[in-house]
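build me a model:
(chains A and B)
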Number of protein chains: 2
Amino acid sequence: MGKEGIKMIDHQSDEHWMSEAMRLAKKAAQAGEVPVGAIIVHEGNAIGRAYNQVETLKDATAHAEMLALTQAQSVIGDWRLTESVLYVTKEPCPMCAGAIVHCRLKRVVFGVSDGKAGACGGAINLLALPGLNHRCEITPGIRAEESKAILQDFFREKRAHNRLSLTEDLD
Amino acid sequence: MGKEGIKMIDHQSDEHWMSEAMRLAKKAAQAGEVPVGAIIVHEGNAIGRAYNQVETLKDATAHAEMLALTQAQSVIGDWRLTESVLYVTKEPCPMCAGAIVHCRLKRVVFGVSDGKAGACGGAINLLALPGLNHRCEITPGIRAEESKAILQDFFREKRAHNRLSLTEDLD
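Next comes the predicted model:
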């Protein structure tokens, strides 16, 4: 195979980091959690990796983004993450967007938008609320279709499972 | 002293729980943290008590409300806090308001409003965002002046301390 046939992977591209976040989202699905994955990258290195663990930890605040932010702050030794970029498969909710502003993240890259409760432009944009001290760059729609498919597959399987359980109960 | 002279304390009143939250806020100030205190009450018992610990924990998400919510969820053994009430000395920010909705809290009682970044009606109301699954009752302004004074005293002392340090540096 000639050199032109080799597909080069740019390990620092948004697409690459989003594929890593999608891998974490799939792990969430395997654990029965709504599949969202998040990675925080600082100077080319991942310093936080997490998936949604609300049911596992019985903690409604245990979204992928929150867990990844806590890890990243611990690695940096500071709550200021001004040089870090968050990659997350779904648009952050108001809680996570608020946390992103508090940590002063440089940039947020997300997959699928959430028109219902997304807080980075989907339903509302909290990353640019005038009263807040920090504004964060937003890059939406990276590998959006694949990120969406992971969520759709999860909910489709869950509904099928619930129907099956209901049928068994009726037998 | 006659019976009419005795001041009865209602241990289940909003004012009583807010005074407990203010006690926690003062502990935050002693620790050099922005003085905000929070208590979560379930069936008449406090199941979460915390004050802001952002600097101590080097975690920008360690607001009093977030720490109290995590404690309360742990006590109840569930992320659903549908019968719980949060008392907090300052109006919750977008992050905390988002967390309150995720935990499906029954009611939020706060002291001083935050017109700049408050997310329970001050700058924005995230507790009633149409796309979210849960709406939470809000009781603002309980012991607001005292809650505000705790914050003002903290920032006044901090400014005085900074001026003093600057003067010493110039000597």
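
mind checking the SS state of the residue minimising distance to the centre of chain A?
Of all residues in chain A, the one closest to the mean position by Cα atoms, centre = their mean is residue A:88, 2.4 Å from it. When classified by DSSP: H, G, I helix; E, B strand; the rest coil, residue A:88 comes out as strand.

I'd say it and residue A:37 touch.
Yes. Applying Cβ atoms under 8 Å, one finds residue A:88 in contact with residue A:37, separated by 7.2 Å. All C-beta atoms are positioned from the backbone trio N, CA, C, and that covers glycine.

how far away is the nearest residue to residue A:70 once chain neighbours are set aside from residue A:58?
Computed as Cβ to Cβ, 6 or more residues apart in numbering or on different chains, the closest residue to residue A:70 that is not its neighbour in sequence is residue B:59, at 6.1 Å. Applying Cβ to Cβ, to the nearest Å, the value for residue B:59 to residue A:58 is 20 Å.

those two: which is more packed in?
Set residue B:59 next to residue A:58 and count neighbours by other Cβ atoms under 10 Å in any protein chain shown: residue B:59 wins out with 21 against 15.

any low-confidence regions in chain A?
Counting by pLDDT under 70, chain A has low-confidence residues at A:1-9, A:131-132, A:166, A:168-171.

next, the contact list for residue A:147, please.
A:18, A:22, A:25, A:89, A:90, A:110, A:111, A:112 (Cβ atoms under 8 Å, 6 or more residues apart in numbering or on different chains).

what helix or strand is it located in?
Here residue A:147 is covered by helix A:144-170, with elements defined by DSSP states H and E.

could you report the neighbour count for residue A:44?
7.

doesn't residue B:53 make contact with the residue nearest to residue A:70?
Yes. Between residue B:59 and residue B:53 there is a contact under Cβ under 8 Å: 7.5 Å.

name the nearest residue to residue A:20, ignoring sequence neighbours.
Nearest in space to residue A:20, with sequence neighbours left out and distances taken as Cβ to Cβ, 6+ apart, is residue A:39 at 5.3 Å.

a strand runs through the one you found, doesn't it?
Yes. Membership of residue A:39 in a strand is supported by three-state DSSP.

what's the distance between it and chain B?
According to Cβ to the nearest Cβ, to the nearest Å, residue A:39 and chain B sit 17 Å apart.

what residues are shared contacts of residue A:88 and residue A:37?
With Cβ under 8 Å, 6+ apart applied, the overlap between the contact sets of residue A:88 and residue A:37 consists of A:21, A:64.

that older thread, gap between the helix holding residue A:147 and the chain center?
Centre-to-centre, helix A:144-170 and its host chain are 20 Å apart (Cα atoms, centre = their mean, to the nearest Å).

show me what counts as buried in it.
The neighbour-count check on helix A:144-170 (16 or more other Cβ atoms under 10 Å in any protein chain shown) flags A:144, A:147, A:150, A:151, A:154 as buried.

nearest to chain B, of the residues you listed?
residue A:151 (15.8 Å; Cβ to the nearest Cβ).

leaving out chain neighbours, which residue sits closest to the closest one?
Excluding its sequence neighbours, the residue lying closest to residue A:151 (Cβ to Cβ, 6+ apart) is residue A:35, at 5.9 Å.

just confirm the one you found is within a helix.
No. Looking at residue A:35 with three-state DSSP, it is coil, so not inside a helix.

determine the number of other residues adjacent to it.
Residues near residue A:35, counting by other Cβ under 10 Å: 26.

I'd say it and residue A:51 touch.
Yes. Distance between residue A:35 and residue A:51: 7.3 Å, which falls inside the contact criterion (Cβ under 8 Å).

any common contacting residues for these two?
Contact criterion Cβ under 8 Å, 6+ apart; residues bridging residue A:35 and residue A:51 by contacting each: A:25, A:28.

residues contacting residue A:41?
Applying Cβ under 8 Å, 6+ apart, the residues near residue A:41 are A:17, A:47, A:84, A:85, A:87.

which one (most neighbours) among those residues?
Among the contacts of residue A:41, where neighbours are counted by other Cβ under 10 Å, the top count belongs to residue A:87, at 31 neighbours.

measure that residue to residue A:19 for me?
The gap separating residue A:87 from residue A:19 is 9 Å, by Cβ to Cβ.

cool, and residue A:92?
With Cβ to Cβ as the criterion, residue A:92 and residue A:19 are 19 Å apart.

and those two? Which one has more around it.
Between residue A:92 and residue A:19, residue A:92 has the larger neighbour count (other Cβ under 10 Å), namely 30 against 18.
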